[in-house]
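1. Requesting a structural model of the entry that follows:
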Amino acid sequence: MVAAAPTAEQLWEVLRGVLDPEVPVLSVVDLGIVRSITVDASGTEVVVTPTYSGCPAIQVIEHPRASLGGVIAGLGLWYILDSERPVFALSKLKGKTKVSTRATKYLTKKGINLAEACRVAAQSVGGQGCGHPVAAGATVPEGKEE
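-> Okay, here's the model as predicted:
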């Protein structure tokens with residue numbers, strides 16, 4: 001059975017329970033870190049941003065090897081989103097878009113290979129991709145995500 005995709009309100013409710021590590025009485029929603037959530041037929045988009053220019057989270061979000069997208073994709077796959085479909089998380093950083101993907105072992109047994117998909121798709125727009133069948137990533141020029 002395929003689970004229905006969560007609504008934006010359901011996602012907001014889940015994120016209201018994610019507490020900021022520095023101010024553990026406030027959630028990432030309370031602090032304005034989660035800016036928007038869009039759910040439509042093409043997927044789910046959660047826009048996050050640091051709360052201010054000196055925010056310590058910038059070091060994680062803008063770190064060249066940041067894995068925030070991978071964390072979001074993994075959490076989404078296991079706890080929120082439809083596990084019968086692979087998850088793609090996009091993070092924009094300095095003219096590039098980082099793509100993090102996750103799938104289940106069940107999906108890889110059905111033939112999904114995220115490493116190959118990321119490599120081929122990224123190369124087709126001048127980027128690079130690699131990884132494993134169940135978890136992979138890519139970097140593509142900003143504006144070439146589609």
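
2. can you give me the helices in this structure?
-> For the chain, the helices defined by DSSP state H cover 8-16, 57-61, 68-75, 105-109, 114-124.

3. Point out where the protein drops to low pLDDT.
-> 1-5, 21-22, 50-81 (pLDDT under 70).

4. So what sits opposite Ile37 in the bridge?
-> Val46 (DSSP bridges).

5. show me what contacts it?
-> The neighbourhood of Ile37, defined by Cβ atoms under 8 Å, 6 or more residues apart in numbering, consists of 8, 11-12, 15, 44-47. From N, CA and C alone the C-beta is placed, and that goes for glycine too.

6. which of these are buried?
-> Neighbour-count burial (16 or more other Cβ atoms under 10 Å) is assigned, among these, to 11, 15, 44, 46.

7. Against Arg35, how distant is the second one?
-> This points to Leu15. 11 Å (Cβ to Cβ, to the nearest Å).

8. Kindly report the same for the third one.
-> The gap separating Thr44 from Arg35 is 14 Å, by Cβ to Cβ.

9. And the residue nearest to the spatial centre of the chain, how far from Glu145?
-> By Cα atoms, centre = their mean, the chain has its centre lying nearest to Ala89, at 2.6 Å. Separation of Ala89 from Glu145 (Cβ to Cβ) stands at 12 Å.

10. Between the two, which contacts overlap?
-> Contact with both Ala89 and Glu145 is made by residues Val99, according to Cβ under 8 Å, 6+ apart.

11. Hmm, Ala89 and Gly43 touching each other?
-> No: here Gly43 does not reach Ala89: they are 9.9 Å apart, not a contact under Cβ atoms under 8 Å.

12. who's the residue nearest to the centre of the chain bridged to?
-> Per DSSP bridges, the residues bridged to Ala89 are Ser100.

13. okay but it is in contact with Ala136, surely?
-> No: taking contacts as Cβ under 8 Å, Ala89 lies outside contact range of Ala136: 11.6 Å.

14. joint contacts of these two?
-> Taking Cβ under 8 Å, 6+ apart as the criterion, Ala89 and Ala136 both touch Thr101.
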